[in-house]
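1. Compute the structure for the input listed below.
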Amino acid sequence: MHVTPVVWIVTLAVLTAVLALDVRHMIKNPHEPSMKECGLAITGFVSAAILFGIGIGLFAHPLPESGRTSWQYAIEFFAGYLTEYSLSIDNLFVFIIILGSMSVPRKYQQFALMCGIILALVFRGIFILLGAALIERFAWVFFIFGAFLLYTGIKLVIDYQKQDDEEQSEGDTALMRFIKRVVPSTDEYHGTKLSVKIDGKRLFTPIFFVVATLGSVDVMFALDSIPAIFGLTQEAYLVFTANFFALMGLRQLYFLLGNLLQ
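-> Residues are numbered from 1 along each chain as shown. So this is what the prediction gives:
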């Protein structure tokens, strides 16, 4: 599929504007979203993904030598979007454990999740560009991706049998205690600020550590999901946009599932 630099720039500009408006709203009005708000937001993002996929089918420009139609690329986008969205369900339960164990106030959880998602988009964008370049230059790299997926699947089964949730939680708490001893920090929340200046000294707030934890966890999940979606399409543009739409609906789905679990 032929994607011009202008299309990339416009797409990134629009997606950045959406993220910026969302973050600005959460900074000005930190709150726990209601079930209705979550439902409307999820419906909006899913509808936007559907419209985007239809747009791919109507306006995409396949390369002549590919022998493919624009609607085939639209199907690849939908397949990638559904794959990423379904794989993100695993992330949600890990996020629930992390935010619960770190005692993050409910009204700040939305901001923390959003910042973690932004970090995830940045790192996933890097992984996607690297993966696309490697596959284009070295086709055999695709088999390495497949082997890595098989390895992580087996490892998950083994780890699940060997470790219980209590041990994992204790390890995470010990790690965070170590990091806080090394990095200047405060135990008090100061709204949605990542750092504050107290007595002339810059200190990181608990929100900073929460965001860093969520971002690093999502990077580990990306090591599985990015190879999986490259198995459906090798178009970097489709892979990135599918990831964006899947991750943007993740925050509201977190609160929706969290409320249902409660």
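2. Going along the chain, name the helices of the stretch 1-150 of the chain.
-> Along the stretch 1-150 of the chain, counting by DSSP state H, counting those that start in this stretch, helices occupy 5-28, 35-59, 70-101, 106-137, 141-162.
3. Turn the ones you listed into JSON lines, including mean neighbour count and distance to Phe209.
-> All C-beta spots, glycine's among them, are computed from the backbone N, C-alpha and C. Formatted as JSON lines, these follow (neighbours: other C-beta atoms under 10 Å; distance: least, C-beta to C-beta, whole Å):
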{"stretch": "helix 5-28", "mean neighbour count": "12", "distance to Phe209": "18"}
{"stretch": "helix 35-59", "mean neighbour count": "15", "distance to Phe209": "25"}
{"stretch": "helix 70-101", "mean neighbour count": "18", "distance to Phe209": "10"}
{"stretch": "helix 106-137", "mean neighbour count": "19", "distance to Phe209": "10"}
{"stretch": "helix 141-162", "mean neighbour count": "12", "distance to Phe209": "24"}
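4. would you list those in JSON lines and tack on distance to Leu250 and mean pLDDT?
-> Formatted as JSON lines, the helices of the stretch 1-150 of the chain follow (distance: least, C-beta to C-beta, whole Å; pLDDT from 0 to 100):
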{"stretch": "helix 5-28", "distance to Leu250": "12", "mean pLDDT": "88"}
{"stretch": "helix 35-59", "distance to Leu250": "9", "mean pLDDT": "91"}
{"stretch": "helix 70-101", "distance to Leu250": "5", "mean pLDDT": "83"}
{"stretch": "helix 106-137", "distance to Leu250": "6", "mean pLDDT": "76"}
{"stretch": "helix 141-162", "distance to Leu250": "20", "mean pLDDT": "55"}
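5. closest to Leu203 out of these?
-> For Leu203, the closest of those is helix 106-137, at 16.8 Å, according to C-beta to C-beta.
6. starting at the chain centroid, how far to stretch 38-56?
-> 17 Å (C-alpha atoms, centre = their mean, to the nearest Å).
7. can you check stretch 216-234 too?
-> Distance, centroid of stretch 216-234 to centroid of chain: 10 Å (C-alpha atoms, centre = their mean).
8. Likewise for stretch 87-102?
-> 12 Å.
9. For the stretch 151-262 of the chain, which segments count as strands?
-> Using DSSP state E, counting those that start in this stretch, the strands found in the stretch 151-262 of the chain span residues 195-198, 201-204.
10. Would you reformat these as JSON lines and include mean neighbour count and mean pLDDT?
-> Formatted as JSON lines, those follow (neighbours: other C-beta atoms under 10 Å; pLDDT from 0 to 100):
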{"stretch": "strand 195-198", "mean neighbour count": "13", "mean pLDDT": "85"}
{"stretch": "strand 201-204", "mean neighbour count": "13", "mean pLDDT": "86"}
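11. got any ranges where the stretch 151-262 of the chain has weak pLDDT?
-> Residues of the stretch 151-262 of the chain meeting the criterion pLDDT under 70: 151-180, 222-224, 261-262.
12. show me where it has helices.
-> Using DSSP H, counting those that start in this stretch, helices in the stretch 151-262 of the chain cover 165-182, 206-230, 236-248, 250-261.
13. Determine which stretch of these is the most buried.
-> Ranked by mean neighbour count under mean count of other C-beta atoms under 10 Å, the helices of the stretch 151-262 of the chain are led by helix 236-248, which reaches a mean of 23.
14. That helix packs against which elements?
-> Contacts defined by 3 or more C-beta pairs under 8 Å, 6 or more residues apart in numbering; DSSP states H and E place helix 236-248 against helix 5-28, helix 35-59, helix 70-101, helix 106-137, helix 206-230.
15. could I get the ones you listed as CSV with distance to Tyr189?
-> Listed next are the helices and strands packed on helix 236-248 as CSV, based on distance: least, C-beta to C-beta, whole Å:
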stretch, distance to Tyr189
helix 5-28, 14
helix 35-59, 22
helix 70-101, 13
helix 106-137, 6
helix 206-230, 6
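16. closest one to Leu19 among the helices of the stretch 151-262 of the chain?
-> helix 236-248 (8.3 Å).
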